[in-house]
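>>> here's my sequence, what's the structure:
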Amino acid sequence: MYYIIVNPASKSGRGAKIWSELQPILDKKEIAYKVFFSKGVDHIVKLVRDLSTSLLKDGSDFIIKLIVLGGDGTLNETLQGISDFSRVQIGYIPTGSSNDMARDLELPRDPSEILEHILSCNEPVLMDLGCLTYYQTHERQTDPQAELPALKRYFSVSAGIGFDAAVCEEALASKFKNILNKIGLGKLTYLSIALKQLILAKKVACTITLDDERQIDLPKFLFVASMIHQYEGGGFKFCPGADAYDGLIDVCAIGNIPKWLILIALPTAFSGEHYRFDGIDHYTASKVHLKTSVPLWVHTDGEVRMKSNSITITCEQKKLRFLL
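Residues are numbered from 1 along each chain as shown. Got it, this is the predicted structure:
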């Protein structure tokens, strides 16, 4: 039995279209499945949590096999609902705008081919999972009645604080993103917002502490990305050496660098060549603590829930069971 999570709205309806193409394949093969459709933000968290509660009973050796159709954000919400990662296996069919997880895993472009791999996978691949803990939080002001999210969030691809998270936060609320997605120009949303956020960015200090030992002080920084995989933001290869199986977080820190030079440096990140610029540095650690002088937006896999000025990122080695 497979439990299938579909985000029909991903990439302006592409998720629903791909599911309509894959469902006949499952039916023809007489594969047992149940399908659930996302109805909005955090609905998938509840769906997966309810599945975990009902199926993962004490003393049982039952394994939940999930197939997620959506973007990196859909996969991120799925992770938040899992109560026991040792008893959940995940297959992922990307239908989002960024698809950085799929890019790093070099998944086939054909969703039906990915499905075939998932169905034929007998032994899941054990992959590292990131975990972000908020020590100080500042709730979104757009919905004061919203329930405060958990103080801990998992991520499969990356987590960031500062500029990259601010771009994600504004893009999530953008009215033009869906329009541009429909005509294949979704990345223009991020480009225009990135230019705006870069111009408006103020001087903020950040202290990075690696494995509770090494401390790096940045009197001025743009953002710090903590990554399990190589890519984020729709193809930026911020951490070209990131390895999802080594038990380490790769850190890309963009510090004291002029704004005009950032405009030159950022495009080189698509090929992972940005470290040649002074002020852009790479670190690795199993635990990373970030302390900023003011609260900033924080993202996990492009999902933004709150601001913080104190977070810790850890790597939970080989915790994620992936069907590839």
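>>> quick check: which element contains residue 320?
strand 303-322 (DSSP states H and E).
>>> just the mean pLDDT for that strand, thanks.
Mean pLDDT, computed over strand 303-322, is 95.
>>> mind listing what's buried in it?
For strand 303-322, burial by neighbour count (16 or more other Cβ atoms under 10 Å) applies to 303-315, 317, 319-322. C-beta here means a position set from N, CA and C on the backbone, and glycine is covered the same way.
>>> what is that strand packed up against?
helix 72-81, strand 88-94, strand 125-139, strand 158-162, helix 163-172, strand 249-254, strand 287-300 (3 or more Cβ pairs under 8 Å, 6 or more residues apart in numbering; DSSP states H and E).
>>> can you redo these as JSON lines with distance to residue 32 and mean pLDDT?
What follows is those, written out as JSON lines (distance: least, Cβ to Cβ, whole Å; pLDDT from 0 to 100):
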{"stretch": "helix 72-81", "distance to residue 32": "20", "mean pLDDT": "95"}
{"stretch": "strand 88-94", "distance to residue 32": "15", "mean pLDDT": "97"}
{"stretch": "strand 125-139", "distance to residue 32": "23", "mean pLDDT": "89"}
{"stretch": "strand 158-162", "distance to residue 32": "34", "mean pLDDT": "95"}
{"stretch": "helix 163-172", "distance to residue 32": "35", "mean pLDDT": "84"}
{"stretch": "strand 249-254", "distance to residue 32": "38", "mean pLDDT": "97"}
{"stretch": "strand 287-300", "distance to residue 32": "32", "mean pLDDT": "96"}
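>>> show me where pLDDT drops low in this protein?
12, 58-59, 138-150, 173-191 (pLDDT under 70).
>>> got the contact list for the biggest helix by length in it?
The longest helix of the chain (DSSP state H) is helix 10-28. Outside helix 10-28, the residues within contact range by Cβ atoms under 8 Å, 6 or more residues apart in numbering are 2, 4, 6-9, 33, 35, 69-71, 74, 93, 95-97, 111-112, 115, 178, 181-182, 186.
>>> quick check: what element follows that helix along the chain?
Taking DSSP H and E, what comes next after helix 10-28 is strand 33-37.
>>> touching the next helix or strand after that following strand from outside, list them.
Reading on from strand 33-37 to the C-terminus, the next helix or strand found by DSSP H and E is helix 43-55. Contacts with helix 43-55, where a contact means Cβ under 8 Å, 6+ apart, come from 3, 5, 7, 36, 38, 62, 64, 66, 70, 74, 77-78, 80-84, 88.
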